[in-house]
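Participant: 3D model of this:
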Amino acid sequence: MSSESSDSSAIPALTVLTTTDSAEKAEKLARGAVEARHAACAQVSGPVTSVYHWNNAIETSQEWQVFFKTTERRYDGLEAYLLAAHDYETPEILALPVVRGGTGYLAWLAAETGAAPR
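Facilitator: Residues are numbered from 1 along each chain as shown. Reported below is the predicted structural model:
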């Protein structure tokens, strides 16, 4: 069995999640982050149904999720971009650590975000 996966300790990788209320807005957030190299890749998924507390009421809405593939080094820039570009008052921005991943994919991720070791 070949070793196709590796821990991500050399270049700590993250998957960052946000949601928005339309496919167009989700794609715009995705494209902007990738163009600025805050993320190597962004995937838009939806619609999903979200149920949440807001202004003392339980709300239900249809949203689109955007998953950004990035590195810890690029997280602050991605978060700042999302806060500036997002139209929600309090956008969901969650960073999840990548525990393991394909060696080639992690190298590509690092290269595309400018996080590769020099």
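
Participant: for the chain, what helix or strand is lowest in average pLDDT?
Facilitator: Least confident helix or strand of the chain, by mean pLDDT, DSSP states H and E, is strand 5-7 with a mean of 49.

Participant: next structured bit after that strand?
Facilitator: Downstream of strand 5-7, the next assigned helix or strand under DSSP states H and E is strand 13-20.

Participant: what comes up buried for the helix or strand that that following strand is followed by?
Facilitator: Using DSSP H and E, the helix or strand that follows strand 13-20 in sequence is helix 23-35. Residues 25-26, 29-30, 32-34 are the ones in helix 23-35 that count as buried (16 or more other CB atoms under 10 Å). The C-beta positions use only the backbone N, C-alpha and C, and glycine is treated the same way.

Participant: then stretch 69-82 to PDB, C-alphas only?
Facilitator: Provided in PDB are the C-alpha atoms of stretch 69-82 (Å, rounded to 0.1, in the frame of the first residue of the first chain):
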ATOM      1  CA  LYS A  69      -9.400  25.100   1.300                       C
ATOM      2  CA  THR A  70      -6.600  27.100   2.800                       C
ATOM      3  CA  THR A  71      -3.700  27.200   5.300                       C
ATOM      4  CA  GLU A  72      -3.400  28.500   8.800                       C
ATOM      5  CA  ARG A  73      -1.000  31.200   7.400                       C
ATOM      6  CA  ARG A  74      -3.700  32.500   5.000                       C
ATOM      7  CA  TYR A  75      -6.600  32.300   7.500                       C
ATOM      8  CA  ASP A  76      -6.400  35.900   8.800                       C
ATOM      9  CA  GLY A  77      -6.600  37.200   5.300                       C
ATOM     10  CA  LEU A  78      -9.500  35.000   4.400                       C
ATOM     11  CA  GLU A  79     -11.400  35.900   7.500                       C
ATOM     12  CA  ALA A  80     -10.800  39.700   6.800                       C
ATOM     13  CA  TYR A  81     -12.000  39.200   3.200                       C
ATOM     14  CA  LEU A  82     -15.100  37.400   4.300                       C
END
